[in-house]
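Asker: with the sequence up front, the predicted model follows.
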Amino acid sequence: MSIAIDPARPLRRIAATALGLVGAAFAFALPATAQAQDTTSVSSVVRIPGETRIEKIADLHFGDIIAGEDGGTIRLRTDNSVTTTGSVQSLGGDPQAATFVITRQILQDFPTYEGPQGGDTIQLTHVSVPGETMTLRNFTTDFARRGLFGLPAYFFLSRFDFRVAGTLDVAADQEPGRYLGFFTVIVDYD
């Protein structure tokens, strides 16, 4: 058996193999595209508040009054005390500021009162004689009262009660009967 060796052929093979090895060497020796990667964790929190965040405990009630010949005003304070002007007389009848309770999460909910303010007015209408009205004005609230260390009183409480009161204008010889009006109290939570 004779083997004929073509001197040009093995060189080509070696060259091809060498180029392949050099190519492979470059593939391993060349750095891949530089990539830097940092990771961090992010927490996601959601709180679904309970259904009742503000609850009305009592309506605003001026009690029983006599208008008198000249009329005047009856002022109800948040501590349920009453003062009158003109010929208006308070006959008692359990005057009471409107009372509300809010529920909140301590150090998470920071409520802001958005109810009626001093300059707001509403009309109370006689329940039987629709043309007869009285004006409720000069609203006051004890929502912003101070508590421990001068912080808002609600600061360390999960349940916080507050009151809304005002001044009622009573006309001379106001029609006797029951008067009804509505106002909205809103508490925002920051």
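Answerer: Okay, I see it. Residues are numbered from 1 along each chain as shown.

Asker: residues touching the closest residue to Phe110 other than its chain neighbours, list them.
Answerer: Distance criterion C-beta to C-beta, 6 or more residues apart in numbering; nearest residue to Phe110, sequence neighbours excluded, is Asp190 at 4.5 Å. Every residue, glycine included, has its C-beta placed from N, CA and C. By C-beta atoms under 8 Å, 6 or more residues apart in numbering, the contact list for Asp190 reads Asp109, Phe110, Pro111, Thr112.

Asker: out of those residues, what pair is the most spread apart?
Answerer: With C-beta to C-beta as the measure, no two of those lie farther apart than Asp109 and Thr112, at 10.2 Å.

Asker: are there residues contacting both of these two? Which ones?
Answerer: Tyr189, Asp190.

Asker: which one's more surrounded, those two?
Answerer: Asp109 (18 against 11; other C-beta atoms under 10 Å).

Asker: quick one: which helix or strand includes that one?
Answerer: Using DSSP states H and E, Asp109 sits within no helix or strand.

Asker: tell me which other helices or strands the lengthiest strand in the chain touches.
Answerer: In terms of residue count, the longest strand belonging to the chain (DSSP state E) is strand 159-170. Counting by 3 or more C-beta pairs under 8 Å, 6 or more residues apart in numbering; DSSP states H and E, the packing neighbours recorded for strand 159-170 are strand 72-76, strand 98-103, strand 133-141.

Asker: tell me which of the ones you listed is the most buried.
Answerer: strand 72-76 (a mean of 21; mean count of other C-beta atoms under 10 Å).

Asker: any idea how far apart the tips of stretch 168-176 sit?
Answerer: 15 Å (C-alpha to C-alpha, to the nearest Å).

Asker: distance of Val62 relative to Val170?
Answerer: Quick fix: residue 62 is Phe, not Val. In this structure, Phe62 and Val170 are 9 Å apart, going by C-beta to C-beta, to the nearest Å.

Asker: which neighbours do the two share?
Answerer: Counting by C-beta under 8 Å, 6+ apart, the residues touching both Phe62 and Val170 are Ile74.

Asker: save the contacts of Asp190 as a markdown table, and put in distance to Thr73 too.
Answerer: Formatted as a markdown table, the contacts of Asp190 follow (distance: C-beta to C-beta, whole Å):
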| residue | distance to Thr73 |
| --- | --- |
| Asp109 | 37 |
| Phe110 | 35 |
| Pro111 | 30 |
| Thr112 | 29 |
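
Asker: out of those, who's nearest Gly86?
Answerer: Thr112 (36.0 Å).

Asker: which element follows the helix or strand of the chain with the lowest mean pLDDT toward the C-terminus?
Answerer: Least confident helix or strand, the chain: helix 8-29 with a mean of 35, by mean pLDDT, DSSP states H and E. Next along the chain after helix 8-29, taking DSSP H and E as the criterion, comes strand 54-58.
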